[in-house]
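Undergrad: Prediction below, plus the sequence it came from.
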Amino acid sequence: MAQILVVTTPSEADGEVVYSESVGSIHLEGHAGTQLVERLRWAVRDAQVAEHRALLHPATASDERPAAA
C-alpha cells in the first residue's frame with residue numbers, strides 16, 4: 001500500500017515526520033478523499049509551524065545550560 005509522508009526540512013537536522021498515512025486508491029474517492037485532503041492540509045500547516053519554530057529557536061537545550069565550573 002502506498003504511504004503519504006509530510007516531513008519538515010530544517011536546515012541542520014533530519015526532518016521530523018509530522019504525518020504518515022498508508023493509502024489506497026479507494027481513499028482518494030468521494031468523502032474519504034475529502035477527509036484525506038483535510039488531514040493532509042493540517043499536516044502541511046503543522047510542518048510549516050515546526051519549521052518556522054526551528055528557524056526562530058535554533059539553539060538546542062545543551063546550548064542553554066550554564067557551563068560547569
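TA: Right, received. Where do you want to start?
Undergrad: Now do stretch 15-22: everything it contacts.
TA: 1-10, 36, 39-40, 42-43, 46-47, 50 (C-beta atoms under 8 Å, 6 or more residues apart in numbering). Yep, even glycine has a C-beta here, placed from its N, CA and C like the rest.
Undergrad: from the residues you listed, which would you call buried?
TA: Neighbour counting by 16 or more other C-beta atoms under 10 Å classes 6, 8, 36, 43, 47, 50 among those as buried.
Undergrad: Can you add pLDDT and give these back as TSV?
TA: TSV is the format used below for those (pLDDT from 0 to 100):
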residue	pLDDT
Val6	92
Thr8	87
Leu36	95
Ala43	95
Ala47	90
Ala50	86
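Undergrad: quick one: which of those residues sit in helices?
TA: When DSSP state H is applied, the buried ones among the contacts of stretch 15-22 are split such that 36, 43, 47, 50 fall in helices.
Undergrad: Now do the SS call for the residue most central in space within the chain.
TA: Taking C-alpha atoms, centre = their mean as the criterion, Val18 is the residue nearest the geometric centre of the chain, at 2.7 Å. With DSSP: H, G, I helix; E, B strand; the rest coil as the basis, Val18 sits in strand.
Undergrad: distance of it from Leu40?
TA: Here Val18 is placed at a distance of 10 Å from Leu40 (C-beta to C-beta, to the nearest Å).
Undergrad: Could you tell me which residues touch both of these two?
TA: Common neighbours of Val18 and Leu40 (C-beta under 8 Å, 6+ apart) are Val6.
Undergrad: Just the closest of the buried ones among the contacts of stretch 15-22 to His27, please.
TA: Leu36 (5.5 Å; C-beta to C-beta).
Undergrad: Next, the contact list for that closest one, please.
TA: Counted by C-beta under 8 Å, 6+ apart, Leu36 has contacts 21, 23, 27-28.
Undergrad: and those residues, which are buried?
TA: Applying 16+ other C-beta under 10 Å to the contacts of Leu36 flags His27 as buried.
Undergrad: with the contacts of Leu36 in mind, which one is nearest to Leu55?
TA: Distances from Leu55 to those, taken by C-beta to C-beta, are shortest for Glu21, at 26.6 Å.
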